[in-house]
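Visitor: Sequence first, predicted coordinates after that:
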Amino acid sequence: MSPTFRSLANPNYRRYAAGSLVSNTGTWMQRIAQDWLVLVLTGSGTALGITTGLQFLPVLLLSPYAGVIADRFPKRRLLQITQAAMGLASLALGLVTVLGVVQVWHVYLIALVFGIGAAFDAPARQSFVSELVDADDLTNAVGLNSATFNMARILGPGLAGLMIGALGGGAWATGWVILINAVSYGAVIWQLQAMDAALLNPSKPARRTPGMLRDGIRYVAGQPKMVLVLILVFFAGTFGMNFQITSALMATEVYGKGAGEFGLLGSTMALGSLTGALMAARRVRIRLRLLVIAAAGFGLAEIVAGVLPTYVLFVAFTPLIGFSTITLLNSANAVMQLESDPEMRGRVMALYMTIVMGGTPLGAPVIGWIGEVAGARWTLVIGGLLVLLGTALAVTVHQRMEGRGRGVRGSILTLLGAPSTVNPRVWDNPAVARAQK
């Protein structure tokens, strides 16, 4: 089997990837439908930003506690519960929309409920990958996860746009798309149930002790590489990755397009993301300079996209945004998992997801307001500039933390890709240590 797809030799991982592809396709269909529904009901960029913010607010507030839950309970069962909860939230929104009684406050409320399920799902899902495959294949599995996610990003938005357009383009049409997503969660629940438990490598559930959350925060705060990752993804996630808002505003306000053209933007961006994910699946070693270059490239790409004069050029440029985004996120995810002790991994990934997704409730309303006051183009330009600022800050903080032990020069060499000392705790797991070499 090709090294790019080696994790698929594991039957449990094949089942997990197949279920995720179906469910993620439905999720992306709902994202497009939900955004279009808000625009149909309000025509407001600010309302769109509020909806996005409410959906991600629970991630900001609850993910750290969800990480403690992920470390204390079997992740496979926890994932079945969270998938069912999100499926029920989608079912509720789809029904009130199809029945013609939907109001914008319904969307706000259900987005918040959906976000609560996602907050508990994310750390369990991220850390569950290490139970499906051996440590030598972890980077590959993370890359393939992103590949399936971005295949769904290619299929989902395009299918949603076509379906909404075919059904008339109104709120009623978006309801049927959302109902399809509700059904798609059954694929993941069934695949999780069908897994061979003998092939899993479950981590030992952590015992409940006082201060578990505090211990996780203290653990992450003492790791220079993790701190670098968290600063990078905070600025990228808060100010840059508001594609639900920026793409919708650029398509409708700048280029005067409809639902089909809006959905196409998600698919073309996913083409670049899929390419980046497949390239990531081939990597065994993640250098810190890759993270820094990807973050800076993402910021620059957003600035350029914000000034493109035509819809065709904007569509042609979106794959580059997708490529830089997924390269940053895949590399960040792999570093956080490979650097963490198994008994801390749920809390580590919860803090990671809190930062990468939890910043959205802060940034989305701001970006939506910028679009309403200054124009859609400035949502991308200002977002890109803030990502570049965050990249510079991350490098500076990392250098200072590393400077305590090896001097600033050693820290700079690390960022440029020179060999560096692996966190001694990683050597407790030889397979992980080999993956870091």
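Guide: Nice, thanks for sending it over.
Visitor: nearest residue to Pro157 other than its sequence neighbours?
Guide: Gly266 (3.0 Å; Cβ to Cβ, 6 or more residues apart in numbering). From N, CA and C alone the C-beta is placed, and that goes for glycine too.
Visitor: Burial check on that neighbour, number of neighbours?
Guide: For Gly266, the number of neighbouring residues by other Cβ atoms under 10 Å comes to 27.
Visitor: in which helix or strand would I find it?
Guide: helix 259-281 (DSSP states H and E).
Visitor: what packs against the very next helix or strand once past that helix?
Guide: Next helix or strand after helix 259-281 toward the C-terminus (DSSP H and E): helix 288-306. Identification of packing neighbours for helix 288-306 by 3 or more Cβ pairs under 8 Å, 6 or more residues apart in numbering; DSSP states H and E yields helix 224-235, helix 311-339, helix 376-415.
Visitor: who touches Ala89 in this structure?
Guide: Shown in contact with Ala89 (Cβ atoms under 8 Å, 6 or more residues apart in numbering): Ile110, Val113, Phe114, Gly117.
Visitor: Any chance of those in CSV with pLDDT as columns?
Guide: Listed next are the contacts of Ala89 as CSV, based on pLDDT from 0 to 100:
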residue, pLDDT
Ile110, 93
Val113, 92
Phe114, 90
Gly117, 90
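Visitor: ok, those vs Ala305, which is closest?
Guide: Closest approach to Ala305 among the contacts of Ala89 (Cβ to Cβ): Phe114, at 28.2 Å.
Visitor: OK, contacts around Gly19?
Guide: Applying Cβ under 8 Å, 6+ apart, the residues near Gly19 are Ala187, Val188, Ile189, Trp190, Gln191, Leu192.
Visitor: Look up the closest residue to Ile110, ignoring the ones flanking it.
Guide: Leu93 (4.4 Å).
Visitor: Tell me which residues of the helix or strand where that neighbour lies come out buried.
Guide: Using DSSP H and E, Leu93 maps to helix 75-98. Of the residues in helix 75-98, those buried by neighbour count under the rule 16 or more other Cβ atoms under 10 Å are 75-76, 78-80, 82-83, 85-87, 89-94, 96-98.
Visitor: Show me what secondary structure element comes after that helix.
Guide: helix 104-132.
Visitor: rewinding a little: give me the pLDDT value at the residue nearest to Ile110.
Guide: If you check Leu93, the pLDDT there is 95.
Visitor: so it makes contact with Val107?
Guide: Yes - counting by Cβ atoms under 8 Å, Val107 is a contact partner of Leu93 at 6.9 Å.
Visitor: if I look at these two, which residues touch both of them?
Guide: Both Leu93 and Val107 are contacted by Gln34, under the criterion Cβ under 8 Å, 6+ apart.
Visitor: number of nearby residues for the residue nearest to Phe5 when sequence neighbours are not counted?
Guide: Distances taken as Cβ to Cβ, 6+ apart place Leu144 nearest to Phe5, at 6.9 Å, with adjacent residues excluded. When neighbours are counted by other Cβ under 10 Å, Leu144 registers 26.
Visitor: need the contact list for Leu144.
Guide: Taking Cβ under 8 Å, 6+ apart as the test, what Leu144 contacts is Phe5, Ser7, Leu8, Tyr13, Ala17, Ala277, Ala281.
Visitor: what about stretch 233-246, start to end distance?
Guide: Stretch 233-246 stretches 18 Å from its first residue to its last (Cα to Cα, to the nearest Å).
Visitor: Kindly report the same for stretch 202-218.
Guide: 24 Å.
Visitor: How many residues are close by Gln103?
Guide: For Gln103, using other Cβ under 10 Å, the count is 10.
Visitor: now what about stretch 155-171, what contacts it?
Guide: So stretch 155-171 is contacted by 24-33, 36-37, 40-41, 97, 100, 102, 173-174, 176-177, 258-267, 270 (Cβ under 8 Å, 6+ apart).
Visitor: mind redoing it with 6 Å?
Guide: 25, 28-29, 32-33, 37, 40, 97, 173-174, 177, 259-260, 263, 266-267 (Cβ atoms under 6 Å, 6 or more residues apart in numbering).
Visitor: now swap in stretch 379-398 and tell me
Guide: Outside stretch 379-398, the residues that reach it (Cβ under 6 Å, 6+ apart) are 224, 228, 231-232, 235-236, 239-240, 246, 295-296, 298-299, 302-303, 305-306, 367, 370-371.
Visitor: pLDDT below threshold where in the stretch 151-300 of the chain?
Guide: 153, 203-211, 281, 283-284 (pLDDT under 70).
Visitor: neighbours around the closest residue to Thr148 other than its chain neighbours, how many?
Guide: Counting by Cβ to Cβ, 6+ apart, Thr148 lies nearest to Leu21, which is 4.6 Å off, once chain neighbours are set aside. Leu21 is flanked by 19 other residues according to other Cβ under 10 Å.
Visitor: chain center to whichever strand or helix holds Leu21: distance?
Guide: According to DSSP H and E, Leu21 maps onto helix 11-42. Averaging C-alpha positions (Cα atoms, centre = their mean, to the nearest Å) puts helix 11-42 13 Å from its chain's average.
Visitor: any weak-confidence spans in the stretch 1-150 of the chain?
Guide: Using pLDDT under 70, the flagged stretches of the stretch 1-150 of the chain are 1-3, 150.
Visitor: Tell me how far the nearest residue to Ala350 once chain neighbours are set aside lies from Val133.
Guide: In space, and not counting its chain neighbours, Ala350 is closest to Gly67: 2.3 Å by Cβ to Cβ, 6+ apart. The gap separating Gly67 from Val133 is 21 Å, by Cβ to Cβ, to the nearest Å.
Visitor: Neighbour count for these two, which is higher?
Guide: Gly67 (31 against 23).
Visitor: Just the buried ones among the contacts of Gly19, please.
Guide: For the contacts of Gly19, buried by 16+ other Cβ under 10 Å: Ala187, Val188, Ile189, Gln191, Leu192.
Visitor: For Ile286, give me its contacts.
Guide: Ser331, Ala334, Val335.
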